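**Q** using only what follows, build the 3D model:
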Amino acid sequence: MGKLTTAIQLLIHSPLKIIPAFGKNEMLNFIPDKVYLKWIYYIETGQKLNLVNPTTFNEKLQWLKLYDRNPLYTILADKYAVREYISQIIGETHLIPLLGVYNDVDEIPWNDLPEQFVLKCNHGSGMNIICKNKNDLDIPKACAQLSKWMTKNAYWGAREWSYKNIVPKVICEKYMVDESGYELKDYKFFAFNGEVELIQVDIDRFSNHRRNLYNLNWEFIDATIRYPNDKSILIKKPTCINEMIECAKRLSLGIPHVRVDFYSIFNYFYFGELTFYHGGGFERFSPNTLNKIMGDKIELKHHFSK
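**A** Here you go, the predicted structure:
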């Protein structure tokens, strides 16, 4: 009843918000990508989507969804397949140790897994089960959740093309925390064809989510992208920040825009993921001038077919 109640409340207070919910549940697959994206963009941002002359970061991400369909993106967005690419470009030592990969939930050898681990689906975002103590894990519930995720195609919710053709798998990785002893901070590098322009750090993602922005000199930028910032939280500059920036540059070469995510753990860094459409291209910037500044960094090549 909880989900039904939430859906009813959403319909009453924000009736248009039900459309993205239907899309995420693959109930609007029949709507052409361009039409769908114009609808969702207006609902999420309150702005009309300009695909003829896109100028902002969010507008250009929608354009890239439609017209930059490089087959390499399917590999790079696949959380399992990308590991080989990362190994070749920046080295396998930057990969979180892999404990297993499974084509079906029934293949997971629960008894053989360590006391702590992370299970995630390879074909989308937010499909993670973090196990800190196997004795406390409800395995039937975890199996049910993973099985549900395995049936989903993350492409349909925001028409994020890089996810569309990924073959679903479940991967198991080593559970890791940073020097805090309880979390991993995301260091997200906004990269544009070999150049890094902005660094985002997410804090307390599962409780009181805040998000701080920094320039390449690790100077705090008093702006927000969806979540509030908190200048009082002193996030130390990673000792390996320069190497992280250089690796983000290498991973983004030849790509109009990709967000490169790393984790810094005890003076070393590990790869998180590559994201082509940050927040689906719907997250609000404050001030909105940052949206335009970031958009100016994305060069839309004329050879992309329209």
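
**Q** past the helix or strand containing residue 21, which element shows up next along the chain?
**A** Using DSSP states H and E, residue 21 falls within helix 18-24. Counting by DSSP H and E, the element after helix 18-24 in chain order, helix or strand, is helix 33-45.

**Q** helix or strand right after that next one?
**A** helix 57-67.

**Q** tell me which residues are up against that next one.
**A** Contact partners of helix 57-67, identified using C-beta atoms under 8 Å, 6 or more residues apart in numbering, comprise 33-34, 37, 41, 45, 49-51, 54, 158-161, 256-257, 276-278, 280-283, 285, 291-292, 294-295, 297-298, 300, 304-306. Glycine gets a C-beta too; all of them are placed from N, C-alpha and C.

**Q** ok, now stretch 280-289?
**A** Counting by C-beta under 8 Å, 6+ apart, residues outside stretch 280-289 touching it are 40-41, 44-45, 56-59, 61-62, 65, 157-158, 160, 223-226, 291, 294.

**Q** which ones among the contacts of helix 57-67 map onto helices?
**A** 33-34, 37, 41, 45, 158, 291-292, 294-295 (DSSP state H).

**Q** which of the three states applies to the closest residue to residue 134 other than its chain neighbours?
**A** Closest residue to residue 134 apart from its sequence neighbours, by C-beta to C-beta, 6 or more residues apart in numbering: residue 115 at 4.9 Å. Per DSSP: H, G, I helix; E, B strand; the rest coil, the secondary structure class of residue 115 is coil.

**Q** next up, the contacts around residue 115.
**A** By C-beta under 8 Å, 6+ apart, the neighbours of residue 115 are 131, 133-135.

**Q** could you measure from it over to residue 137?
**A** 10 Å (C-beta to C-beta, to the nearest Å).

**Q** before we move on, what about residue 219?
**A** 42 Å.

**Q** more neighbours, the two?
**A** Set residue 219 next to residue 137 and count neighbours by other C-beta atoms under 10 Å: residue 137 wins out with 18 against 9.
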